[in-house]
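>>> structure for this input, please:
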Amino acid sequence: MKRPTTPHAEVLISDPRWRATLGNVERLVQQACRMTQRHGHIFSDNAPGPSFVFTDNRHIKKLNSQFRGKNKPTNVLTFEPPAPMLGGDIILAYQTVQREARQVHKSLRAHTVHLIVHGLLHLAGHDHHHPGEAQRMEGLETFILRRMGFADPWKSRPCISN
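Model (predicted):
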């Protein structure tokens with residue numbers, strides 16, 4: 001059986017604090033994509049990979065206002081492609097992600113990877129608006145993150161405001 005390939009993710013870092021704090025952000029994204037593909041089966045062969053933007057609260061607040069009608073920053077926004085598993089965009093805000101990580105006593109790296117996996121699962125069509133969906137999605141996130149060496153992200157219930 002042919003093993004599916006992980007699409008190359010495009011990474012744009014518009015806030016240099018991401019790189020200063022996390023180092024090689026591109027490698028972190030690729031690891032999260034690879035593990036999510038391996039355990040979440042989210043990409044199809046030859047599908048375009050997702051795009052990631054690592055930005056700040058000001059930028060994400062504009063997008064959140066424009067596309068969701070919420071005039072405040074959020075941790076992550078996921079813009080789904082026209083069809084599941086065909087690319088999409090995941091945008092993270094440095095200040096909000098950092099504040100949340102501190103609040104739940106987790107490293108910025110662990111919280112960021114959780115949000116990346118969360119966004120990737122959204123791009124694959126997973127959701128968390130209903131209890132059954134939320135339980136399945138959270139279970140998959142936990143499974144993937146544990147395989148990456150991170151603790152259960154739901155132990156202290158970080159706020160995913162996607």
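>>> now for Phe150, how many residues are close by?
19 (other Cβ atoms under 10 Å). The C-beta positions use only the backbone N, C-alpha and C, and glycine is treated the same way.
>>> where's the nearest residue to Ala9 once chain neighbours are set aside, which helix or strand?
Nearest residue to Ala9, sequence neighbours excluded (Cβ to Cβ, 6 or more residues apart in numbering): Gly49, at 4.5 Å. Per DSSP states H and E: Gly49 is located in neither a helix nor a strand.
>>> does Gly49 touch Gly88 like I think?
No: the pair Gly49 / Gly88 is not scored as a contact, 9.1 Å apart, by Cβ atoms under 8 Å.
>>> tell me who's in contact with Glu141.
Contact analysis of Glu141 by Cβ atoms under 8 Å, 6 or more residues apart in numbering lists His114, Val117, His118, Leu121, Pro153, Trp154.
>>> could you redo the last one with a cut-off of 6 Å?
By Cβ atoms under 6 Å, 6 or more residues apart in numbering, Glu141 lies in contact with Val117.
>>> any idea how far His59 is from it?
In this view, Glu141 and His59 are 25 Å apart by Cβ to Cβ, to the nearest Å.
>>> could you do His118 as well?
In terms of Cβ to Cβ, His118 sits 19 Å off from His59.
>>> settle it for me: which of those two has more neighbours?
Applying other Cβ under 10 Å to His118 and His59 shows that His118 carries more neighbours, namely 27 against 16.
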